[in-house]
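> turn this into a structure:
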Amino acid sequence: MYNSFNFASFPDEGPLWRLEHVAMEDSSASAWVFCANHATDDQRSLNIFVNDMLNECVVLSKQRLPSYSTSAATVNKTFVFPPSIEQAVSPGPLNLRTLQWSLIQLGNLLSMASMIPDRVRKLLSNPIPSSTSLGEQYNISTYTDPSLRKTISRYFTLSNSETSRLLKLAQQRSIGTFNTQKYTLTHLLSAAVLTVTNALIQGALIPTESLSPSKPFRSLTQRFLLSVGLRSFGSRSFLSDFSSKDPAASAEDYTGGTVACAAGAVDFLVRMPSDTVNELRTFCHHQADGTAVLADSNKRLSSIFWAAAAKCRYEADLLIRKWQLVPESVRLFGFGMNSPVDILKSVEMDANSLTTLGRGFSCGVSNMGVAKFDGNGKKVSVRHVYYGTSQARNGVLCLLSCMSVVNNGNDGESSISSGLSGCLQFVSPLVSEEEADEVVTSLLCLLKFIE
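This next block holds a predicted model:
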């Protein structure tokens, strides 16, 4: 974890986007931190900026990445901007599939899934009088006022060998599966996030010197948000209008192979059993102490973990492949943004809700996959890319965003992977700094040692 990167700070007021250089401690490497306000910077605008910045500042390749930048003369003659995600992925009116997706969303909304920590929920139900010293410390307005919420970010890296181990586990578990989607790294990451968020919500992650007596933790239903890459869902007919494009990428990628954010999402419910918390705490406690985990305890946690991974695999396969509802999620979102209903007012009402405190989801995972960079023989490489979206006013209680980076070698063929770069984001004060640290510790324990 890079502490200097963790605590990179920006002013609370504007500008609408900003770029900061962070010198890494005890390292010759540097980090560029780019923040933008999504209210004014749409995905396409961010794609243009990030793509061109990588071209000019990082890649230094003779064969540059496909770029949106070109001269004014070229723009007027041959260049056409790619369409919006809605135009590329889900053109046309609402239909029966859209209704199906709407009903699923309604069911998830009415599920009463746990999306805020128990300690906060109890405080909202039985507020402490503000006249007392404890009441001043736990002022209820601290939690209910959206303007007081802040994003907490934690960064970590899994080594290339640790990431390869997880991929091997996924492949081994996929052996013998028929007529269903194989296990992927995303399924394993999803299971790990669901497991640690379960403990986070039930207040079981505050560190202790030794294991406290087991308390009666409950089974927990979580609403899980899974980011879905939309590159392969979009129409690619417009790619002939690109002045610069990657022919290999155009067959599978409507963005033309650009360094682009082209993401949508699906969500579903996952119920974790009541023994999840105690098994996780036992497992991580023994790993931290370097003591052997009892075989039956290890087996129980492994069973819980793989059951969650199987649930994520099943739901993703159902929504994305079998029912093909990803375009409908985009279509419904576009309809909401263009409907007479004031969507911003609806978002603000949700942010002020005393029931959800702006939380629409318990946890989620966004895995961008592998990004490949070619320094063209130069001594330039991209070690890690961390990204995330602020969840402060509205969003997810615990969100993992991650990707892997591969740098091509000097011979143009060999490659060096930097493993998996992860960014965990939480919202304060619903989640404390101490709890955020413990989530990272528990998550890494799971990913490094689960079998």
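
> which helices and strands sit right next to whichever helix in the chain runs longest?
If you go by DSSP state H, the chain has its longest helix at helix 295-316. Applying 3 or more C-beta pairs under 8 Å, 6 or more residues apart in numbering; DSSP states H and E, one finds that helix 295-316 makes contact with helix 185-201, strand 220-229, strand 263-272, helix 276-289. Where C-beta positions appear, they are placed from N, C-alpha and C, glycine not excepted.

> of all the ones you listed, which lies closest to residue 393?
Taking C-beta to C-beta, strand 220-229 is the member of those nearest to residue 393, at 16.1 Å.

> tell me where this protein has strands.
17-23, 30-36, 150-158, 220-229, 263-272, 359-373, 395-408, 415-428 (DSSP state E).

> tell me the mean pLDDT for stretch 220-237?
Taken as a whole, stretch 220-237 has an average pLDDT of 83.

> need the strands of the chain in JSON lines with mean neighbour count and distance to residue 85, can you?
Listed next are the strands of the chain as JSON lines, based on neighbours: other C-beta atoms under 10 Å; distance: least, C-beta to C-beta, whole Å:
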{"stretch": "strand 17-23", "mean neighbour count": "12", "distance to residue 85": "20"}
{"stretch": "strand 30-36", "mean neighbour count": "15", "distance to residue 85": "17"}
{"stretch": "strand 150-158", "mean neighbour count": "19", "distance to residue 85": "24"}
{"stretch": "strand 220-229", "mean neighbour count": "21", "distance to residue 85": "11"}
{"stretch": "strand 263-272", "mean neighbour count": "19", "distance to residue 85": "7"}
{"stretch": "strand 359-373", "mean neighbour count": "21", "distance to residue 85": "15"}
{"stretch": "strand 395-408", "mean neighbour count": "23", "distance to residue 85": "18"}
{"stretch": "strand 415-428", "mean neighbour count": "20", "distance to residue 85": "22"}
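
> of all those, which lies closest to residue 279?
strand 263-272 (10.5 Å).

> what residues does that closest one touch?
Strand 263-272 has contacts (C-beta atoms under 8 Å, 6 or more residues apart in numbering) with 43, 85, 89, 105, 108, 111, 113, 194-195, 198, 219-230, 233, 304, 308, 311-312, 315-316, 319-320, 325-326, 329-330, 333, 361, 364, 366.

> switch to 7 Å and redo it
108, 111, 113, 194-195, 198, 219-230, 308, 311-312, 315, 319-320, 325-326, 329-330, 361, 366 (C-beta atoms under 7 Å, 6 or more residues apart in numbering).

> quick one: strands adjacent to it?
Paired neighbours of strand 263-272 in the sheet (DSSP bridges): strand 220-229 (antiparallel).

> on that earlier part again, what comes up buried for the longest helix of the chain?
For helix 295-316, a neighbour-count test (16 or more other C-beta atoms under 10 Å) marks 298, 300-301, 304-313, 315-316 as buried.

> run the angle between that helix and helix 276-289 for me.
Orientation check (axes from the mean of the first three to the mean of the last three C-alpha atoms, to 10 degrees): helix 295-316 against helix 276-289 gives 120 degrees.

> picking that back up, for the helices and strands packed on helix 295-316, which one sits closest to residue 126?
Once the helices and strands packed on helix 295-316 are compared by C-beta to C-beta, helix 185-201 is nearest, at 18.0 Å.

> in that closest one, what's buried?
185-201.

> in the chain, what helix or strand scores lowest on average pLDDT?
The weakest-scoring helix or strand in the chain, judged by mean pLDDT, DSSP states H and E, is helix 72-77 (a mean of 38).

> how close does residue 103 get to residue 97?
Distance of residue 103 to residue 97, computed by C-beta to C-beta, to the nearest Å: 11 Å.

> ok, these two, which is more surrounded?
residue 97 (16 against 10; other C-beta atoms under 10 Å).

> I'd say the more buried one and residue 325 touch.
Yes - look at residue 97 against residue 325 with C-beta atoms under 7 Å: they come within range, at 6.4 Å.

> identify the bridge partners of residue 17.
residue 36.

> right, and it touches residue 33 too?
No - when contacts are counted by C-beta under 7 Å, residue 17 is not listed as touching residue 33 (11.5 Å).

> can you list the strands of the chain in a markdown table and add distance to residue 173?
Converted to a markdown table, these look like this (distance: least, C-beta to C-beta, whole Å):
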| stretch | distance to residue 173 |
| --- | --- |
| strand 17-23 | 38 |
| strand 30-36 | 35 |
| strand 150-158 | 18 |
| strand 220-229 | 18 |
| strand 263-272 | 17 |
| strand 359-373 | 17 |
| strand 395-408 | 20 |
| strand 415-428 | 18 |
